[in-house]
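Novice: sequence unavailable; structure follows:
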């Protein structure tokens with residue numbers, strides 16, 4: 001279903017009215033038929049009063065009843081640049097993001113060189129301005145070279161533009177270092193995003209520890225590796241009162257830990273990968289390496305606990321953990337294959353499986369992908385309100401489609417949803433008032 005211009009297109013700075021849309025904004029509890037006016041990259045007007053009867057200098061686009069939602073924010077994206085451009089670049093990652101309705105991505109710091117200096121944050125911002133279609137923010141390293149020892153200059157990195165701090169896919173092993181880091185970050189009100197996994201307990205595991213792993217003859221990773229690391233972090237947050245975000249949780253016990261921490265009023269939030277909400281350990285089947293993820297896919301009971309945690313607000317955000325891996329990394333025996341899957345283009349569609357199955361409300365899903373991550377990161381996006389950046393997407397909520405890996409915008413095709421039947425497709429993505437993606441039937 002294509003958009004219908006009601007007047008001839010103008011230049012990008014021209015006022016544009018998107019009319020006959022279903023405006024859906026969890027931040028303001030808005031759910032109504034109406035329109036939205038874009039002027040100079042921001043939302044100039046929104047509501048039932050925005051119709052086709054606009055002034056002569058306004059381009060009018062008929063949305064034909066499609067859902068108009070805030071642009072999505074993905075807090076956990078590996079972009080590959082600098083150093084791993086063979087896997088992904090800022091340009092290709094932003095293409096994939098736009099196709100998935102994601103208007104803001106936050107880059108993980110495990111690049112080469114690591115994002116642990118102001119100069120690298122500056123480089124990424126300049127590079128993104130030159131090559132990316134969507135908003136790009138950096139997540140700077142917690143420790144030098146991700147080594148878990150020497151703390152980075154958090155204050156300077158935040159001033160340079162880093163929106164959060166993480167050691168990417170690595171956990172900080174030393175409790176003493178992590179306590180000092182939390183205390184230091186607290187001085188700057190910096191957000192700490194941590195990968196919760198005890199490396200010693202995880203060992204050489206490659207999937208969830210359980211019967212499925214035994215049947216496949218593969219070494220497992222116990223959920224204790226995650227829960228123990230998370231419990232330690234929470235105790236240290238109690239000592240320091242620093243803002244803390246668990247990058248991903250994957251099991252029922254972790255949901256309970258987060259729920260208990262929030263009940264005590266601690267400044268704790270957490271994310272969950274869309275993959276873990278709709279897939280479980282049995283999807284690995286006969287050693288399918290595209291399902292080798294970190295943290296690993298857990299049991300069905302764990303998956304259902306994650307879904308319930310999202311539904312009741314214990315889990316704050318949904319992420320893609322977009323992690324492109326080339327053929328050399330994935331076309332190997334399961335135990336030797338690289339961890340990770342691409343996810344920017346399937347982030348929303350995969351999450352909508354829960355809505356279509358009646359497990360989670362649409363408002364919870366969209367808020368976990370827009371206004372909640374914006375609030376956690378301190379960004380002005382993720383909401384549809386006058387004066388906010390004009391970052392939004394048009395969604396055909398009922399459109400069925402099958403994922404063809406050949407159509408993926410990412411450089412790599414290691415998706416866990418290859419050939420999957422999905423429902424709900426992004427038709428248009430707009431960033432700062434500029435259309436950056438338009439669905440075509442050939443996509």
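Specialist: Noted; the coordinates are in hand. No experiment lies behind these values; they were computed from the predicted model shown.

Novice: over to the most centrally placed residue in the chain: give its phi and psi.
Specialist: Central residue of the chain (CA atoms, centre = their mean): residue 74, 2.4 Å from the mean position. The phi and psi values for residue 74, taken as degrees, to the nearest 10, are phi -110, psi 110.

Novice: wait, it sits on residue 106?
Specialist: Yes. Between residue 74 and residue 106 there is a contact under CB atoms under 8 Å: 6.8 Å. Yep, even glycine has a C-beta here, placed from its N, CA and C like the rest.

Novice: regarding the residue in the chain sticking out farthest from the centre, what is its secondary structure?
Specialist: Centroid-distance maximum for the chain: residue 56 at 39.1 Å, with CA atoms, centre = their mean. State at residue 56, reduced to three classes by DSSP: H, G, I helix; E, B strand; the rest coil: coil.

Novice: hmm, who's touching stretch 186-193?
Specialist: The contact list for stretch 186-193 (CB atoms under 8 Å, 6 or more residues apart in numbering) reads 75, 139, 142, 154-155, 158, 163-166, 181-182, 185, 240-247, 376-378.

Novice: mind listing which of the residues you listed are in strands?
Specialist: Under the assignment DSSP state E, the contacts of stretch 186-193 contribute 75, 139, 164, 165, 166, 244, 245, 246 to strands.

Novice: ok, the last one touching residue 270?
Specialist: To tie it back to what came earlier, the one meant is residue 246. Yes. With contact defined as CB under 8 Å, residue 246 and residue 270 form a contacting pair (4.0 Å).

Novice: element containing the nearest residue to residue 354 once chain neighbours are set aside?
Specialist: Among residues not flanking residue 354 along the chain, residue 360 sits closest, at 4.2 Å (CB to CB, 6 or more residues apart in numbering). Using DSSP states H and E, no element contains residue 360; it sits outside every helix and strand.

Novice: can you check the pLDDT for residue 360?
Specialist: Note on residue 360: pLDDT of 98.

Novice: spit out the contact partners of it.
Specialist: When contacts are counted by CB under 8 Å, 6+ apart, residue 360 touches 307, 310, 311, 354.

Novice: just to revisit the earlier point, give me the common contacts of residue 246 and residue 270.
Specialist: 254, 258.

Novice: so can I have a markdown table of the ones in strands among the contacts of stretch 186-193 showing neighbour count and pLDDT?
Specialist: Below are the ones in strands among the contacts of stretch 186-193 laid out as a markdown table (neighbours: other CB atoms under 10 Å; pLDDT from 0 to 100):
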| residue | neighbour count | pLDDT |
| --- | --- | --- |
| 75 | 31 | 98 |
| 139 | 27 | 97 |
| 164 | 25 | 98 |
| 165 | 29 | 98 |
| 166 | 27 | 98 |
| 244 | 23 | 98 |
| 245 | 22 | 98 |
| 246 | 26 | 98 |
